[in-house]
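Peer 1: Got a sequence here, can you build the structure:
(chains A and B)
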Protein chains: 2
Amino acid sequence: MPAISPLAPERFPLLAPIAGVRLGAAAAAIRYPGRDDLMLAELAPESTIAGVFTRSLAPGAPVLWCRDCLKGGKVRGILVNSGNANVFTGRAGTEAVAASAAKAARLLGCRDREMFLSSTGVIGEKLPVQKLLDALPRAFAALSPEGWERAARAILTTDTFPKGASASTEIGGVPVRLNGFAKGSGMIAPDMGTMLAYLFTDARLPHEVLQPLLAASTERSFNAITVDGDTSTSDTVLLCATGKARHPRVLSAGDPSLKAFRQALEGVMIDLAQQVVRDGEGAQKFVTIEVSGAQSARAARRVGLSIGNSPLVKTALAAADPNWGRIVMAIGKAGEKVDRDRLKVAIGGIPIAAEGGLVPGYDEAPVARAMQGRAFTLAVDLGVGRGKATVWTCDLTHGYIDINASYRS
Amino acid sequence: MPAISPLAPERFPLLAPIAGVRLGAAAAAIRYPGRDDLMLAELAPESTIAGVFTRSLAPGAPVLWCRDCLKGGKVRGILVNSGNANVFTGRAGTEAVAASAAKAARLLGCRDREMFLSSTGVIGEKLPVQKLLDALPRAFAALSPEGWERAARAILTTDTFPKGASASTEIGGVPVRLNGFAKGSGMIAPDMGTMLAYLFTDARLPHEVLQPLLAASTERSFNAITVDGDTSTSDTVLLCATGKARHPRVLSAGDPSLKAFRQALEGVMIDLAQQVVRDGEGAQKFVTIEVSGAQSARAARRVGLSIGNSPLVKTALAAADPNWGRIVMAIGKAGEKVDRDRLKVAIGGIPIAAEGGLVPGYDEAPVARAMQGRAFTLAVDLGVGRGKATVWTCDLTHGYIDINASYRS
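Peer 2: Coordinates of the predicted model:
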């Protein structure tokens, strides 16, 4: 396992139990010896679920399974293995999913289609499903309301730290809790609910309410980060609600009583998304890109991702080089409207360019100093409208090459 | 200057004179001391021109100038400086272009708007235009029908070798010559006539015929290569025809008498485009991506570029790792239709995957051996149609990081 990212939080947060949720893990030796690589979550009967999945046109077998099960809107369990993505494995992959769901459902006493599955790791190699099936009873036996960190660790692949976040909020004045954990550090791109993330709440919300809440928050969290612009075939974000909190009934995602919950959900998801960037393969710097003055929020996000995905910008970030010309290049290639004569660029709060050129008396030294920090903000204003968006990314370093030129060996 | 790319051709090709074309160069010390950084080409009166330019919405001042002049369809001179891109330099940039064109036009005895200009190098720094104006008479004095290699060298920036190509062909049975040179190794992406390329012929073709010829060939050459997916703000490809060859008149790009010329033009442009990839920053391997079975040629090209732009694929190429799962990932994210159960992947001519999984008895060793070579082919068949395209790319190595984390220092 490589050294822990210098951008990692100090410790895994304390995740208090959520009524109706138990978590377990086990070592199935699917690829990684001597560590947990199988995660099982158990949800109380009548729990509801929302999900967003990769937009890849070559998704993995577990994603196809989940998409199908999501129509039911109900969940009793989530089963995740790391080390093998079970993608492009043909009929064997589909059969492995069905067998895993069936065995887990028997253990949990639920229907197969109330089991949601994810697999993450190498693509195109057959999942050693028997190892998974053999380890399942051990993960079941380990189920505990306190199993959060162990569960978060079991789903990691090239990650260097487990990622968790939580919030306490309310619906209709009744306290509600929200916990989540995620994994991801390579193949991170903005084309969907990036990588794997699992969110749990004791709120009492039907699938029809949960789904739009999750979709909206995904746009401003997992869809606003990028490490390398690549899109996984397995990306999955699931939000489960056990209904144990006794708040008044909520019938639509737009209900005013959900205001605090919506904010808490978005906060937890942004926290997890930022942790994924902070664990970006080879990342040495965490960079917040703030785009304003765009024609729309969508245009702003496209420009932000164009900057955050540009290898030339990302290598300049690594070098703490205020090479704002590359930023202008990345803005230009995004295909969104920009007023060349009103464009503004600032780094670390220091204006660099405005009105079609460098600001008068521009001094590069303080900008370079700001960029030597572990985290800083890069702000651009396109000068054409009021659209805004924030995107998070990391730098591109030798570490990325090291990790990815040897991942499988 | 970094070491010459291991993928470079053995030597610069012999480019024979073309009637009506003279080339010169001079050292203006714009950024690089002790080498030519200014190139001047002189075209005979009545020469015609076609051009394609960056699709960036933040193009450089010289690109805006050229786009405007192209409406006239006539050319008497091309002036290119390296070391400074004159991009995002506000009014000073526009004035620098006008002053340079005016002085060059006086030397060549033509109208300002018959001068085409390019600048390449750092973005966002003011072009030291006086240095350029001072050096112009020396470039003019150096004009020679044999100045091809010197001209090709003067326009280089991070390139490690000059790029030239030529062809002898015919129109209506009359011999016609075609020479070209290009530069580019970073900020190479498929969004237009990538980087700088200049093509010269003694054919007698009006602008209206030249322009569609150039546009069509650009699609299958400079728009089919990628080094890092970034799009320059200065990309320019110009094709000039002096009209000295005494072939029968040609009135349309579809004229049957142009068949050989079209092939020659495309051949020269593909040759130059491949040389740009071979000089990709940090490149150690030259990879041809052949996509077939797509819904259309355009879909095939998108899939090819998605593969060629993926950092995860490119690092696997660097490691000679037959990680075809990453290829499947890149196909999936391209957004084009693919039949998961008919998809085929082969590297170096060795089938890896077919019918939704690995080929029976697949042995990775010979594939890894093929990938250890300097050049190999990666072929995918999407299994849904008859669309085909070829794309060229290089691997992503530590060298790319080295070059781009220190470009300006």
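
Peer 1: near chain B, anything from stretch A:367-375?
Peer 2: No: using Cβ under 8 Å from any Cβ of the partner chain, stretch A:367-375 stays clear of chain B, with a minimum separation of 10.4 Å. Glycine gets a C-beta too; all of them are placed from N, C-alpha and C.

Peer 1: can you list contacts of that stretch?
Peer 2: With contacts defined as Cβ atoms under 8 Å, 6 or more residues apart in numbering or on different chains, stretch A:367-375 is touched by A:6-7, A:284-288, A:317, A:320-322, A:347-350, A:352, A:376.

Peer 1: Buried subset of the residues you listed as a PyMOL selection?
Peer 2: Entered in PyMOL, the line below selects the buried ones among these, by 16 or more other Cβ atoms under 10 Å in any protein chain shown:
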select buried, chain A and resi 7+284+285+286+287+288+317+320+321+322+347+348+350+352+376
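
Peer 1: Within reach of chain B, which of the contacts of stretch A:367-375 are there?
Peer 2: Among the contacts of stretch A:367-375, the ones lying near chain B by Cβ under 8 Å from any Cβ are A:Asp321.

Peer 1: Among the contacts of stretch A:367-375, which lie within helices?
Peer 2: Residues of the contacts of stretch A:367-375 located in helices (DSSP state H): A:Leu317.

Peer 1: So which of the contacts of stretch A:367-375 are in strands?
Peer 2: A:Phe286, A:Val287, A:Thr288, A:Ile347, A:Ile350, A:Ile352, A:Phe376 (DSSP state E).

Peer 1: Tell me which other helices or strands the one helix or strand A:Phe200 maps to touches.
Peer 2: Using DSSP states H and E, A:Phe200 maps to strand A:196-201. Here strand A:196-201 touches strand A:38-43, strand A:77-84, strand A:174-183, strand A:236-241, helix A:259-278, going by 3 or more Cβ pairs under 8 Å, 6 or more residues apart in numbering or on different chains; DSSP states H and E.

Peer 1: Now do the buried residues in the helix or strand following that strand.
Peer 2: With elements assigned by DSSP H and E, the helix or strand that comes after strand A:196-201 is helix A:207-219. Using 16+ other Cβ under 10 Å as the burial criterion, the residues of helix A:207-219 that qualify are A:His207, A:Val209, A:Leu210, A:Gln211, A:Leu213, A:Leu214, A:Ala215, A:Ser217, A:Thr218, A:Glu219.

Peer 1: could you dump these to CSV with pLDDT and distance to chain B?
Peer 2: Shown next, in CSV, are the buried residues of helix A:207-219 (pLDDT from 0 to 100; distance: Cβ to the nearest Cβ, whole Å):
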residue, pLDDT, distance to chain B
A:His207, 95, 27
A:Val209, 95, 30
A:Leu210, 96, 27
A:Gln211, 95, 23
A:Leu213, 95, 26
A:Leu214, 95, 22
A:Ala215, 92, 19
A:Ser217, 93, 22
A:Thr218, 90, 17
A:Glu219, 87, 18
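
Peer 1: How about the residues of the stretch 251-400 of chain A by chain B?
Peer 2: Residues of the stretch 251-400 of chain A lying near chain B (Cβ under 8 Å from any Cβ): A:309-312, A:315-316, A:318-319, A:321, A:323-326, A:328-338, A:340-341, A:343, A:353, A:355-358, A:396-398, A:400.

Peer 1: quick one: the residue nearest to A:Ala165 when sequence neighbours are not counted and A:Pro248, what's the gap?
Peer 2: Once flanking residues are discounted, A:Ala165 sits nearest to A:Asp271: 3.9 Å by Cβ to Cβ, 6 or more residues apart in numbering or on different chains. Distance of A:Asp271 to A:Pro248, computed by Cβ to Cβ, to the nearest Å: 28 Å.

Peer 1: Of the two, give the one with the bigger neighbour count.
Peer 2: More crowded of A:Asp271 and A:Pro248, by other Cβ atoms under 10 Å in any protein chain shown: A:Asp271, with 19 against 11.

Peer 1: That one against A:Asn179, yeah?
Peer 2: No: contact criterion Cβ atoms under 8 Å: A:Asp271 and A:Asn179 do not qualify, at 11.3 Å.

Peer 1: which residues are common contacts for those two?
Peer 2: A:Ala165.

Peer 1: tell me the mean pLDDT over stretch A:313-326?
Peer 2: Across stretch A:313-326, the average pLDDT comes to 89.

Peer 1: got it, and stretch A:150-163?
Peer 2: 92.

Peer 1: Run a quick neighbour tally on whatever residue of the stretch 51-200 of chain A ends up closest to chain B.
Peer 2: Proximity of the stretch 51-200 of chain A to chain B (Cβ to the nearest Cβ) peaks at A:Ile123, 2.6 Å away. Other residues near A:Ile123 come to 27 when the count uses other Cβ under 10 Å.

Peer 1: Do you know the pLDDT at A:Pro128?
Peer 2: 96.

Peer 1: ok, it to B:Glu114 distance?
Peer 2: A:Pro128 is 70 Å from B:Glu114, by Cβ to Cβ.

Peer 1: who has more neighbours, those two?
Peer 2: B:Glu114 (22 against 17).

Peer 1: picking up where we left off before, in strands, which of the residues of the stretch 251-400 of chain A next to chain B appear?
Peer 2: Using DSSP E, A:Ala353, A:Gly357, A:Leu358 are the members of these that sit in strands.

Peer 1: which one in those is the model shakiest on?
Peer 2: Model confidence across those bottoms out at A:Gly357, which has 80.

Peer 1: what sits against that residue?
Peer 2: Listed by Cβ under 8 Å, 6+ apart, the contact partners of A:Gly357 are B:Phe88, B:Thr89, B:Gly90, B:Arg91, B:Ala92, B:Gly93, B:Gly124, B:Lys126.

Peer 1: Count the residues that sit near the first one.
Peer 2: Other residues lying near B:Phe88 total 28 when counted by other Cβ under 10 Å.

Peer 1: Angles on the backbone of A:His247, please.
Peer 2: Here is the backbone geometry of A:His247 (degrees, to the nearest 10): phi -80, psi 160.

Peer 1: Find the nearest non-adjacent residue to it, please.
Peer 2: A:Val174 (3.6 Å).

Peer 1: which ones are touching the one you found?
Peer 2: Per Cβ under 8 Å, 6+ apart, neighbours of A:Val174: A:Ala245, A:Arg246, A:His247, A:Pro248.

Peer 1: Tell me who's in contact with the residue nearest to A:Gly385 when sequence neighbours are not counted.
Peer 2: The shortest distance from A:Gly385 to any non-neighbouring residue, by Cβ to Cβ, 6+ apart, is to A:Gln295 (4.3 Å). For A:Gln295, the contact set (Cβ under 8 Å, 6+ apart) comprises A:Glu336, A:Lys337, A:Leu382, A:Val384, A:Gly385, A:Gly387.
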